[in-house]
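Colleague: for reference, the sequence and a predicted model appear below.
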Amino acid sequence: MGLFSGTFFGHLADKVGSKPIYCLSLLIQGICCIGYLFGGNIGIFIACLIGSIIFEKGASAARGAMMVEIVSREERVKFRALTRVIVNGAACIGAALGSIVLILNAESVFLIAILFNGLTFVATSFIFKCMSIKGKKPVEQIILTNDSISQNTSVLTALSDKRFLIITLLNSVLALHSSIINIAIPIWISQYSQLPIWLVSAVILINTIGVILFQVKVGENVKSIRDATKVAQKAGFLLAITCIFIGMSNTVPIWAGIIMILLAGISQLFGELYQAVSGWTFSFELAPEDAYGKYQGIFNAGKDASLLVSPLIFTSLVLPAGLLGWGALTILFILTALCTDRLVYSNKLLKG
């Protein structure tokens, strides 16, 4: 349900403006979060859960469209990189506060934490509502002043954009890396090797600090589809190297395995940074001016699908197969990297 709701909300953002859709999505997320206080009723709990998922995707699509409205084309990727750094930093603070809640382990504290979290969504919605954000022209006005076919882009038209769908698919393959740090490496170290468990924390720390330090730097150097294609290829090759390091780590002495896992953490970090930047650039640059919301929704749906299936791929296929599984994933990342340039600039896709 969440996979498809982003496209719908993106369509609404294109029709009525991104700001009202974003504010509404935040408000309902806050209400749903506060609704968990009444989670003893299974019906209320399920309704709040579904609402949170749907409107989270809606907020994501509207947020992407809003960036297009308030940030110049040259600065969009850099701005998106900066927001990711801020989000990661906030997530670290949230994790620390959450750990305090767990340590206190009292019902009243849990209830206060849930209420506080819900109120942050409501407050953010109110803040954005009060902000002066220049919106885009209504679609009808754009159509009257511009005869370009791209100015009347429907959801079906967006879904028939072969080039964009192919890029979304390629980005989704590269986005499989999302489960390497949080799922694959912890399980690999604890169940498939003799490596020390502290390596899990070390790799997560490398990733967290690395994103904060380098994401903006990587993002400010990507200005065009050509740049995005190059960094997407780099991402594929770096993620392939990551898989090689991890797969080989339990075939060598422990000291060498430790080094390989740390190197895997570093290569995965930069593969992640490059993949994120290339994805943002493609999603912004390939979308028609009047359809950023729709295209953001479709692109986010591809990424969300990758997040959904990647844990299953690693736990059911890659990890049980050991070195063979990591080798297969290596080949997949390499093929994706090699295909990116050819598919992005395919004359057939450009025409179709």
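Modeller: That came through fine.
Colleague: may I have the phi/psi pair for the closest residue to Phe79 other than its chain neighbours?
Modeller: Nearest non-adjacent residue to Phe79, counting by CB to CB, 6 or more residues apart in numbering: Val71, 4.7 Å away. All C-beta atoms are positioned from the backbone trio N, CA, C, and that covers glycine. Main-chain torsions, Val71, degrees, to the nearest 10: phi -120, psi 140.
Colleague: going forward, the N-terminal residue is numbered 848.
Modeller: Will do, 848 is the new start, and the previous item becomes Val918.
Colleague: ok, now how distant is Val918 from Tyr869?
Modeller: To Tyr869, Val918 is 14 Å away according to CB to CB, to the nearest Å.
Colleague: more neighbours, those two?
Modeller: A count of neighbours by other CB atoms under 10 Å puts Tyr869 above the other of Val918 and Tyr869, at 26 against 15.
Colleague: pLDDT score for the spatially closest residue to that one that is not a sequence neighbour?
Modeller: Ranked by CB to CB, 6+ apart and with sequence neighbours excluded, the top spatial neighbour of Tyr869 is Ala909, at 3.9 Å. The model reports Ala909 with a pLDDT of 90.
Colleague: okay, and Ala909 sits in which element?
Modeller: According to DSSP states H and E, Ala909 maps onto helix 889-917.
Colleague: average pLDDT across the next helix or strand after that helix?
Modeller: Downstream of helix 889-917, the first helix or strand assigned by DSSP H and E is helix 923-951. Averaging pLDDT along helix 923-951 gives 90.
Colleague: compute the inter-axis angle for helix 923-951 and helix 889-917.
Modeller: 150 degrees (axes from the mean of the first three to the mean of the last three CA atoms, to 10 degrees).
Colleague: which strands and helices lie in contact with helix 923-951?
Modeller: Counting contacts by 3 or more CB pairs under 8 Å, 6 or more residues apart in numbering; DSSP states H and E, helix 923-951 packs against helix 889-917, helix 954-977, helix 1045-1066, helix 1101-1132.
Colleague: which positions in it come out as buried?
Modeller: Residues of helix 923-951 classed as buried by neighbour count (16 or more other CB atoms under 10 Å): Arg923, Val924, Lys925, Phe926, Arg927, Ala928, Arg931, Val932, Asn935.
Colleague: how close does the second one sit to Ile1013?
Modeller: Between Val924 and Ile1013 the distance is 20 Å, computed by CB to CB.
Colleague: please apply the same query to the last one.
Modeller: Using CB to CB, one obtains 29 Å as the distance from Asn935 to Ile1013.
Colleague: pLDDT value on Leu1197, please?
Modeller: Confidence score, pLDDT, at Leu1197: 51.
Colleague: what helix or strand is the residue nearest to the spatial centre of the chain on?
Modeller: The centroid of the chain falls nearest to Lys1150 when counting by CA atoms, centre = their mean (6.0 Å). Per DSSP H and E: Lys1150 is located in helix 1139-1160.
Colleague: show me what counts as buried in the very next helix or strand once past that helix.
Modeller: Sequence order places helix 1166-1168 as the next helix or strand after helix 1139-1160, per DSSP H and E. Neighbour-count burial for helix 1166-1168, counted by 16+ other CB under 10 Å, picks out Leu1166.
Colleague: can I get the CA coordinates of the helix or strand following helix 1166-1168 in PDB?
Modeller: Counting by DSSP H and E, the next helix or strand C-terminal to helix 1166-1168 is helix 1170-1191. The C-alpha coordinates for helix 1170-1191 follow below in PDB (Å, rounded to 0.1, in the frame of the first residue of the first chain):
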ATOM      1  CA  LEU A1170      30.900 -17.000  -0.900                       C
ATOM      2  CA  LEU A1171      28.800 -18.000  -3.900                       C
ATOM      3  CA  GLY A1172      26.000 -15.800  -2.800                       C
ATOM      4  CA  TRP A1173      28.300 -12.800  -2.300                       C
ATOM      5  CA  GLY A1174      29.800 -13.500  -5.700                       C
ATOM      6  CA  ALA A1175      26.400 -13.500  -7.400                       C
ATOM      7  CA  LEU A1176      25.600 -10.100  -5.800                       C
ATOM      8  CA  THR A1177      29.000  -8.800  -6.900                       C
ATOM      9  CA  ILE A1178      28.100  -9.700 -10.500                       C
ATOM     10  CA  LEU A1179      24.700  -8.000 -10.200                       C
ATOM     11  CA  PHE A1180      26.200  -4.800  -9.000                       C
ATOM     12  CA  ILE A1181      28.900  -4.900 -11.800                       C
ATOM     13  CA  LEU A1182      26.300  -5.500 -14.500                       C
ATOM     14  CA  THR A1183      24.200  -2.700 -13.100                       C
ATOM     15  CA  ALA A1184      27.100  -0.300 -13.300                       C
ATOM     16  CA  LEU A1185      28.000  -1.400 -16.800                       C
ATOM     17  CA  CYS A1186      24.400  -1.000 -18.000                       C
ATOM     18  CA  THR A1187      23.800   2.400 -16.500                       C
ATOM     19  CA  ASP A1188      25.500   4.500 -19.200                       C
ATOM     20  CA  ARG A1189      24.100   2.500 -22.100                       C
ATOM     21  CA  LEU A1190      20.500   2.600 -20.800                       C
ATOM     22  CA  VAL A1191      20.500   6.200 -19.700                       C
END
